[in-house]
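Trainee: give me a 3D structure for the following:
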Amino acid sequence: MARLGNDVSYISKVGVDPFGKCICNFLKANGIHDDYVWTDDDHMTGFQMKEKVLEGDPTVANIRKHTAFSHFRPADLSGIDWTGVDHLHVTGIPLALSESCRETIYTLMMRAHGKGVRISFDPNLRPMLWKSQEIMARVINDAAQYADIVMPGLNEGRILTGMDNEKDIAGYYLQRGVQTVVIKMGGSHGTYIRTADDQEYRVPSYHVD
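Mentor: Below you'll find the model as predicted:
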């Protein structure tokens, strides 16, 4: 978003370790404001390792338990200046990390909603972070109702809704008040989009040589 010329801020919590410093340096180097990236002296920065694959979904390992961001609390949001903010993007990962982190994300989304800020939500499922698939689906779907745009992958949508195809998955979220559903079809199959006024679009994948 910053490279496309948008004014972007990142919200997070990191430790005073090389990972945290690397994240902050990367944000600054790419023109992303880090005013809302808080430092936790007592806990390490969470990180993720992702398998490199030629086909299919990669295996992902998340090192998140007892990390800085898992101690994110609603009080951490008090310093955010909403002036000029018109869009908030949230993923489902923080919802799995801790009760305080989950409460903070709900608070963030509700504050944005109350200020008329558009919200996009990518479920970004990480089953290994959840106690069960049932809890994961319930919490993710609950949070999705606060969003204007929900962006699951096709397989994620099947897990979350029990529906099999992209049209029914989109319908599930539209019936719950979401305005636009964007379903990533995977591989070279592009993206399926459906809106609350029943407009449908298919966007092809961008081929990379």
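
Trainee: find the residue at the geometric middle of this structure.
Mentor: Central residue of the chain (C-alpha atoms, centre = their mean): Thr91, 1.1 Å from the mean position.

Trainee: what helices or strands is the longest helix that the chain contains leaning on?
Mentor: Looking across the chain with DSSP state H, the single longest helix is helix 99-114. Counting contacts by 3 or more C-beta pairs under 8 Å, 6 or more residues apart in numbering; DSSP states H and E, helix 99-114 is packed against strand 87-91, helix 94-97, strand 118-122, helix 133-144. (C-beta placed from N, C-alpha, C; glycine too.)

Trainee: follow-up on the earlier one: which non-adjacent residue is nearest the residue nearest to the centre of the chain?
Mentor: Closest residue to Thr91 apart from its sequence neighbours, by C-beta to C-beta, 6 or more residues apart in numbering: Asn124 at 4.1 Å.

Trainee: give me phi/psi at Thr191?
Mentor: Torsion angles at Thr191 (phi, psi; degrees, to the nearest 10) stand at phi -130, psi 140.

Trainee: same check on Ile11?
Mentor: Torsion angles, degrees, to the nearest 10, at Ile11: phi -110, psi 120.

Trainee: can you tell me how far it is from Tyr201?
Mentor: Ile11 is 30 Å from Tyr201, where distance means C-beta to C-beta, to the nearest Å.

Trainee: for Leu88, give me its contacts.
Mentor: For Leu88, the contacting residues are 108-109, 112, 117-120, by C-beta atoms under 8 Å, 6 or more residues apart in numbering.
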